[in-house]
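Q: what's the 3D shape of this:
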Amino acid sequence: MQSAIEQRIQRAKNGDETVAETLARPGGGLAGATVLGKDMNFDELEKILGKYMAKKVRKSWPEKERGPGMNMKGEMVINGLQLGNVWSKSNVINCALYSFYLFLMHSLFFRDDYAVTVQPLLGVEGDPMRLLFERDLTPHPQYTAAYEWMRLPEEKGGFGTDAVVHLGMHGTVEWLPGQPLGNDRQSWSDELLGGTPNIYVYAANNPSESILAKRRGYGTLVSYDVPPYGRAGLYLELANLKDLVNEYRSGEDSRSDLRDAIWGSCDRAGMTADLPFSFSVENSKGELDLSSVKVEDFDAWVADLSNYLVTLEERLFSCGLHTLGGQPTDKELLSYLNAYFDNKLTVDELEDVIALSHEEQKSTELQPRNSFLSWLQSFADNFMGDNSDISGTQTSDDEPLKEEALKIVELLKRNTEEMDGVLTALNGGYVKPCPGGDLLRDGTSVLPTGRNIHALDPYRMPSEGAWTRGQRAAEEILRQHQESNNGAFPETIAVTLWGLDTIKTRGEAIAIVLALVGARPVKEGTGRTVNFELVPLEELGRPRVDVLASLSGIFRDSFANIVDLVDDMFERASVAEESPDMNYIKKHCLDLEATGTERPAARLFSNPPGDYGSMVNEVVGNGDWDETESLGEIWRGRNTYAYGRSEGGGGVRSGTARPEVLDKLLSTTERVVQEIDSVEYGLTDIQEYYSNTGALKKAAENRKQVDPNSGAKKKVAVSIIEAFGGSDEKVQVKDVEGRSLDLP
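A: Down below sits the predicted model:
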């Protein structure tokens, strides 16, 4: 055993020359690619980077702290895959492919001359706090070396790339330090990309972060479709629980015998936390005793349990992966349509639509129609009153839905244009534009993919639909809070404002903030929002709730007009001639003024100017924390900067640290509101929910007084709004009491 270990150690020291050759053979795992690398010392990097920028890198990364990607000699290692004659001059364009997901790539574009590599690591392994406190930190040397060598002409020893195709959402180069709204020459995104065309393959349902990829990463976007949808279903203990519940609800005899079984199954599945009893289930000795529970009480609880199981069973999620440029199968088309129409059409009807689309495609391919004859036939059908639906039967109420389904199928089949979009961009052609968004919410407007996606007009937010839904969400949030707090209104509610859900919902979260405060949008004749006016208290009929608006960096940079208007609204509310008992904004401002705090009406907080992220996920990922309270303080330290119209002028720039105001708002926060804008990402799917919303919750709880009865600090509740349906009639607001967002 020891001999085998020693052989492996020696083999590692000597280097295994057979590895690259083995992998490069057909069937070796890399489709004939060769693993090649380049070492670069700091003096070489300085010649490429220039003395000014190299000096900044040296200052941030001294010789003993050069960061990741360094070899034993202290040189920066640049590596990737060679496909064909990568290092010699070719008549075709050189193309460097940067990707987080290397397995997605095979011989896509140029079989003779291109390279595939993974984007260099951006973070600082083992020292995430460095990114937290060093505001002027530059990319580490190996990161800058990789980009600079990639652009360096071949005759000077570089790769000499003519274009970059970036696969994977999202990268990091567009998030590097620099100007937030537009790069200057000293912004790192500009320094590393320069004038190199950046073809950025991006998810169609993320128009928010794509704005940053365009503005700071110089990206020409080519959108790709989301994976097919599936239903969660029930399995293991949940499936057993469903059977028990159905048996209990359908039987008359021996139902009491099933009580303990249902309770035990619920307890094993963790359902008792989601659906707690509203009655006591213990006897005088503190033991579990369901026999004393009234039949009507237990029946009502089982009915709620049954409805909750149906909700879980029908839950949508992303099922599988999407192949770039691949046409969806019939099964995948059915999953898209099933999720989109949500039982408005049966499975049989949807399958008929898919079959019809194939027939029409064959007809088009085999018998191209004369355009004039086609128009003449259409005119004759309309003139003779041909009202048959797409399946040839008489018109029914489902006909418009079937026509929409057919249109969606035809557009989804054009996923092949994703690859066309990449090739068009590489050829220097025009990639057609299209709004980004979610198929389930925005319908056919976001199809076909393979387009250069864009967002929306920020001067028209919130839209009429978003305003309607936002008001209803705010009413439900307050109703749930009063129900849990003996009818009392919350003094402060923290609302997260993210760029992605704002774009996809057309400003629902903004509408929620307005409705909680008691304000409404004022629009001019062209439909542009020009003001948020305060609703008179007599009309509002309740106190104005104070709001801590937690802005993502993208929201802060993309919607400066909204930030200014909301800030102005808070300023006016803080001095309104109203009683502090009916205006919690004014109440808290008066408390802050009494301590001499400047700008007590600041309510919009985010990261430092030009910076992004709470850094909580980096700390958690590296295990560099002990207590959950410290994670709340990391969030607080990254979000003390106030923004808005009143932050500018007089030598004070927007983005001023105001920790005293933030601490006051956190101490009075009783609830956190978070929108979920997509079925692809739930609370436990991505780290942003715990690193932002969860950490905000913990930061607020850190500032609560200890309850003398329980000996613990009061918990802050969380309201989750599922905003991916788009219905004006129904707004889903779930009071999760923070359980799903508690930090590790």
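
Q: rest of the way, CA atoms for contacts and neighbours
A: Fine.

Q: what's around residue 294, how many residues?
A: 10 (other CA atoms under 10 Å).

Q: give me the number of residues near the nearest residue to residue 482 once chain neighbours are set aside?
A: Once flanking residues are discounted, residue 482 sits nearest to residue 488: 5.2 Å by CA to CA, 6 or more residues apart in numbering. Residues lying near residue 488 (other CA under 10 Å) number 12.

Q: okay, residue 488: pLDDT?
A: pLDDT, residue 488: 94.

Q: and it, how close does it get to residue 592?
A: 23 Å (CA to CA, to the nearest Å).

Q: may I have stretch 529-537 exported as CSV, CA atoms only?
A: C-alpha atoms of stretch 529-537 as CSV (Å, rounded to 0.1, in the frame of the first residue of the first chain):
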residue,chain,number,x,y,z
THR,A,529,-44.1,57.8,-14.4
VAL,A,530,-43.2,61.3,-13.1
ASN,A,531,-44.1,61.2,-9.4
PHE,A,532,-45.2,59.0,-6.5
GLU,A,533,-47.9,61.0,-4.6
LEU,A,534,-48.9,60.3,-1.1
VAL,A,535,-52.4,59.0,-0.6
PRO,A,536,-54.3,61.1,2.1
LEU,A,537,-54.6,59.2,5.4
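
Q: how distant is that stretch from the center of its chain?
A: With CA atoms, centre = their mean, to the nearest Å as the basis, stretch 529-537 stands 30 Å off its chain's centre.

Q: contact partners of it?
A: The contact list for stretch 529-537 (CA atoms under 8 Å, 6 or more residues apart in numbering) reads 459-461, 514, 518-524, 543-544, 565-566, 569, 573, 582.

Q: again with stretch 146-154
A: In contact with stretch 146-154 (CA under 8 Å, 6+ apart) are residues 45, 48-49, 78, 87, 89, 96, 120, 157-162, 192-193, 196.

Q: I'd like the average pLDDT over it.
A: pLDDT averaged over stretch 146-154 gives 86.

Q: what residues of that stretch count as buried?
A: Within stretch 146-154, the residues that count as buried by 16 or more other CA atoms under 10 Å are 146-151.

Q: pretty sure residue 139 sits against residue 178.
A: No - under the criterion of CA atoms under 8 Å, residue 139 is not in contact with residue 178, lying 11.3 Å apart.

Q: now list whatever residues contact both of the two.
A: With CA under 8 Å, 6+ apart as the test, residue 139 and residue 178 both reach residue 188.

Q: how far off centre is stretch 258-265?
A: 39 Å.

Q: ok, stretch 562-576 next?
A: 28 Å.

Q: can you check stretch 304-311 too?
A: Taking CA atoms, centre = their mean, one finds the center of stretch 304-311 at 28 Å from the center of the full chain.

Q: for it, which residues meet the burial criterion?
A: Buried residues in stretch 304-311 (16+ other CA under 10 Å): 305-306, 309.

Q: any chance of JSON lines for the residues you listed, columns distance to residue 535?
A: JSON lines is the format used below for those (distance: CA to CA, whole Å):
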{"residue": "305", "distance to residue 535": "40"}
{"residue": "306", "distance to residue 535": "42"}
{"residue": "309", "distance to residue 535": "41"}
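
Q: and which of these is nearest residue 346?
A: residue 309 (21.8 Å; CA to CA).

Q: okay, and the spatially most central residue of the chain sits in which element?
A: Geometric centre of the chain, nearest residue: residue 500, 6.2 Å, by CA atoms, centre = their mean. Per DSSP states H and E, residue 500 falls inside helix 499-505.

Q: likewise for residue 617?
A: Assigned by DSSP H and E, residue 617 falls in helix 616-622.

Q: and if you look at residue 568?
A: helix 560-574.

Q: and for residue 191, the neighbour number?
A: Using other CA under 10 Å: residue 191 sits among 17 other residues.

Q: ok so it is a strand residue?
A: No - with DSSP: H, G, I helix; E, B strand; the rest coil as the criterion, residue 191 is assigned helix and is not in a strand.

Q: quick check on the nearest residue to it once chain neighbours are set aside: phi, psi?
A: In this structure, residue 191 finds its nearest non-sequential neighbour in residue 185, 6.7 Å apart by CA to CA, 6+ apart. Dihedral angles of residue 185 (phi, psi; degrees, to the nearest 10) stand at phi -70, psi -20.

Q: please state the offset of stretch 463-475 from the chain centre?
A: 21 Å.

Q: what about the stretch 451-600 of the chain, any weak spots by pLDDT?
A: Counting by pLDDT under 70, the stretch 451-600 of the chain has no low-confidence residues at all.

Q: by contact count, what packs against the helix holding residue 568?
A: In terms of contacts (3 or more CA pairs under 8 Å, 6 or more residues apart in numbering; DSSP states H and E), helix 560-574 is packed against strand 529-534, helix 584-594.

Q: ok, 10 Å please
A: helix 508-517, strand 519-523, strand 529-534, strand 546-551, helix 553-558, helix 584-594, strand 604-606 (3 or more CA pairs under 10 Å, 6 or more residues apart in numbering; DSSP states H and E).
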